[in-house]
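A.B. asks: starting from these lines, generate the structure:
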Amino acid sequence: MTWSNQEWWPNLLRVDILDDNAAELDPYGADFDYAEEFESLDFEAVKSDLRELMRDSKDWWPADYGHYGPLFIRMAWHSAGTYRTSDGRAGASGGLQRLPPESSWPDNVNLDKARRLLQPIKHKYGRKLSWGDLIVLAGNVALDSMGFETVGFAGGRVDEYKSNEAVEWGPETEWEETSPERFENGEVGNLKDPLANTVMGLIYVNPEGPYGEPDVEGSAKNIREEFERMAMDDEETVALIAGGHTFGKVHGADNPDEHLGPEPEAAPLENQGLGWDHDFDEIPGMITSGIEGPWNDTPTQWDMGYIDNLLGHEWHSVKGPGGAWQWRPVGDDIEAAPGAQDESETEQPMMLTTDVALKHDDDYRAVLERFQENPEEFHEAFARAWYKLLHRDMGPPERFLGPDVPDEVMIWQDPVPEADYEIIGEDEIAELESLIRDSDLSRAQRVKTAWAAASTYRDSDKRGGANGARIRLEPQRSWEANEPEELETVLGTYEEIQAEFNDSREDGVQVSLADLIVLGGKVAIEQAAADAGYDVTVPFEPGRTDATAEQTDVESFEPLKPKADGFRNYIGGNYDDLYDTLEERMVDKADLLNLTVPEMTVLVGGMRALGATYGDSERGVLTDSPGTLTNDFFVNLLDMDYEWEPLDEDEEIFVIRDRETGDAKWEATRFDVIFGAHSRLRATADVYAADDGEAEFVEDFVDAWSKVMKLDRYDLD
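C.D. replies: Numbering: from 1, shown residues only. Have a look, this model is predicted:
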């Protein structure tokens, strides 16, 4: 097969990741409404089928202890546990565990069999039940079937049918490797963004310890950083590890490198998508990680066995039968577990380096001891942490579907209040538009504020957006990219308009600050288009409400902070990430906003025409009439009467000069010049730079702007 463009030119900016935002990849078609289908699902029947499957051991993949529960818990955990707060990507949504690379990760050995066991249930319920929902529901029902009461379950995960190639998994080129490039300054425990896992192809940390060595101190350090990047604190971390390891066992009957066949994506056709084949006649026991043994003597029952074993015994590191580091108890006074396939046999419990690390870290140990003394507190902590693990990437409560959704709204769901007033209508909108136009706010101020509020949205985990007006709260109010001093002025003006309007009403109609911020951007764009000779109406749907500080987890919003923003020409700094260039960060942001290549292009060009740049910089404002919605950015960028020259060593700032006179005309950044340098982006910019391209540009800008302003409006669905 011929090489791809990326293979020929490895440094070529990858804008093709945005194509997934344009393509219709769902075989059910563009009109398919999964939420509607899920609501018609017989949910109790699904759970009943899952409970029956738990004990229906198949000869082609026999269940440990006659119960598939532990296998399904691992499957659900490894599906949801890929989520990371840095960019909100991965997680259970999309059912991505069934697609590469996750389908063939070393950490997911034999989970292909778990999903194949679920296949009859998936086929039975078809379009009403996605793989994304089924995979994690199976884990939930597994817990229930082994005596644990969960908090609940929400459906609504829409399946993907193509791998998400926008996810940055790390710099390594071999599985189960950890390179210094994964860490800032090569320092273990300081992962670069957007990573959360410390080893290529593993969900979390290496269970044997850092770099495959039984180092409990280093392991604890890795665990804390990894789980923090999954939005878990110390208590949630201990609860998840202890709760998950209460069930099942790990499998290392022999060395996986010697006895396992290729992973699913490399397996022969006759395997039909199954990988890691091994001969049970040659090696009777199962092989996954190469670590062997259960954690306690009751591996299919919820109890305190894991914590009691970990704290109640001393442990020493040994090489297990699979050649991997694991830990055995000192002495033989530990209750043995039954054999996984033969109850007449027994097996001594073991621990992983990551387990023993919890015991040797003072803060983690304090949580373990508290749980040991208060089993009900342990149950509650694990239940809540498990629910958060499975649902962290699903966004606000409006997206949670099904009869098992708990009544409680969690703060990590970024709730916004329901309106307890009448929403503004057409007449009120017109009145407010007049008040905005008459204010001292410039068009650029209004556009930048609306963009700053709405562009926090991430389609990956459905967080952020203008709804809630959290731009007026910490931490967003103080973010450098939002120009805090100018933002204070803008918000102050909007608050005056809001107070004047709301105080004047006697009919219960009120306007939120969130709606005012978006409305201000709408008015500015319509004015700018009119000055360019275009009569446009920017769509506006009222109904946003204002969140309170009590509804906002300040720390959890820090990952949404822009380190750079190509749309506002904000270069920023202190990136600490795996992206090499500013333009890569711009494309990454565009993907999180669910934008296509033309939408990204037209938004950058429009923001420059409006003069909506960070610090009101003239960089990239390639026009003599800023504040007017013209296509000048594209016309002048592509004009061969000009030539470009870098001004700094890092080639972040460029000057445009008249070819004939050598006079400097404008300055711009890499965010700007990439639209002339990159073949595909230039091809798109060509459309808008044409003599007849301005009307198309204005129309497309309005459409793209409106899309961004509504990305978080799940109440409109």
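
A.B. asks: residues contacting the nearest residue to E651 once chain neighbours are set aside?
C.D. replies: Once flanking residues are discounted, E651 sits nearest to R670: 6.9 Å by C-beta to C-beta, 6 or more residues apart in numbering. All C-beta spots, glycine's among them, are computed from the backbone N, C-alpha and C. Taking C-beta atoms under 8 Å, 6 or more residues apart in numbering, we find R670 in contact with 581-583, 651-652, 654.

A.B. asks: pLDDT, secondary structure and distance to T630 added to those, as CSV?
C.D. replies: Output for the contacts of R670, formatted as CSV (pLDDT from 0 to 100; DSSP: H, G, I helix; E, B strand; the rest coil; distance: C-beta to C-beta, whole Å):
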residue, pLDDT, secondary structure, distance to T630
T581, 95, coil, 28
L582, 96, helix, 25
E583, 97, helix, 24
E651, 91, coil, 28
E652, 95, coil, 26
F654, 97, strand, 21
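
A.B. asks: separate out the buried members of the residues you listed.
C.D. replies: 581-583, 654 (16 or more other C-beta atoms under 10 Å).

A.B. asks: would you turn these into CSV with distance to M709?
C.D. replies: Listed next are the buried ones among the contacts of R670 as CSV, based on distance: C-beta to C-beta, whole Å:
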residue, distance to M709
T581, 28
L582, 25
E583, 24
F654, 31
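
A.B. asks: distance of A266 from G275?
C.D. replies: 7 Å (C-beta to C-beta, to the nearest Å).

A.B. asks: that older thread, between the buried ones among the contacts of R670, which sits nearest G464?
C.D. replies: L582 (21.1 Å; C-beta to C-beta).

A.B. asks: which one of the contacts of R670 is nearest V621?
C.D. replies: F654 (13.5 Å).

A.B. asks: can I assume that closest one is in contact with E667?
C.D. replies: Yes. Counting by C-beta atoms under 8 Å, F654 touches E667, with 6.8 Å between them.

A.B. asks: joint contacts of the two?
C.D. replies: In contact with both F654 and E667: L647, using C-beta under 8 Å, 6+ apart.

A.B. asks: if we can go back for a sec, now the contacts of R670 as CSV including distance to L99?
C.D. replies: Putting those into CSV (distance: C-beta to C-beta, whole Å) gives the following:
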residue, distance to L99
T581, 28
L582, 30
E583, 27
E651, 37
E652, 36
F654, 40
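
A.B. asks: how many neighbours does A514 have?
C.D. replies: 27 (other C-beta atoms under 10 Å).

A.B. asks: and it, what helix or strand is that in?
C.D. replies: helix 513-531 (DSSP states H and E).

A.B. asks: so which bits of that helix are buried?
C.D. replies: 513-529.

A.B. asks: next secondary structure after it?
C.D. replies: Next along from helix 513-531, by DSSP H and E: helix 554-557.

A.B. asks: pull the helix or strand with minimum mean pLDDT from this protein.
C.D. replies: helix 256-259 (a mean of 86; mean pLDDT, DSSP states H and E).

A.B. asks: can you pull the buried residues of the lengthiest helix in the chain?
C.D. replies: In the chain, assigned by DSSP state H, the helix with the most residues is helix 484-504. Judged by neighbour count using 16+ other C-beta under 10 Å, the buried positions of helix 484-504 are 486-487, 490-491, 493-494, 497-498, 501.

A.B. asks: please apply the same query to stretch 305-314.
C.D. replies: Counting neighbours by 16+ other C-beta under 10 Å, one finds that the buried residues in stretch 305-314 are 305-307, 309-310, 313.

A.B. asks: now the end-to-end length of stretch 146-154.
C.D. replies: 20 Å (C-alpha to C-alpha, to the nearest Å).

A.B. asks: now do stretch 188-199
C.D. replies: Stretch 188-199: ends 11 Å apart by C-alpha to C-alpha.

A.B. asks: how far away from the center of its chain is that stretch?
C.D. replies: Centroid separation for stretch 188-199 versus its chain: 15 Å, with C-alpha atoms, centre = their mean, to the nearest Å.

A.B. asks: do the same with stretch 200-217
C.D. replies: 23 Å.

A.B. asks: could you export it as CSV, CA atoms only?
C.D. replies: Output in CSV follows, covering the C-alpha atoms of stretch 200-217 (Å, rounded to 0.1, in the frame of the first residue of the first chain):
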residue,chain,number,x,y,z
MET,A,200,2.3,3.5,26.0
GLY,A,201,-0.5,1.0,25.7
LEU,A,202,-1.4,0.9,29.4
ILE,A,203,-4.5,2.5,30.9
TYR,A,204,-2.8,3.9,34.0
VAL,A,205,0.6,3.1,35.4
ASN,A,206,2.8,0.1,35.1
PRO,A,207,1.4,-2.5,37.7
GLU,A,208,5.0,-3.8,38.2
GLY,A,209,6.2,-0.3,39.1
PRO,A,210,7.9,2.5,37.2
TYR,A,211,9.9,1.2,34.2
GLY,A,212,8.9,-2.3,35.3
GLU,A,213,10.7,-2.2,38.6
PRO,A,214,9.0,-2.8,42.0
ASP,A,215,9.5,0.7,43.3
VAL,A,216,6.6,1.5,45.6
GLU,A,217,7.6,5.2,46.2
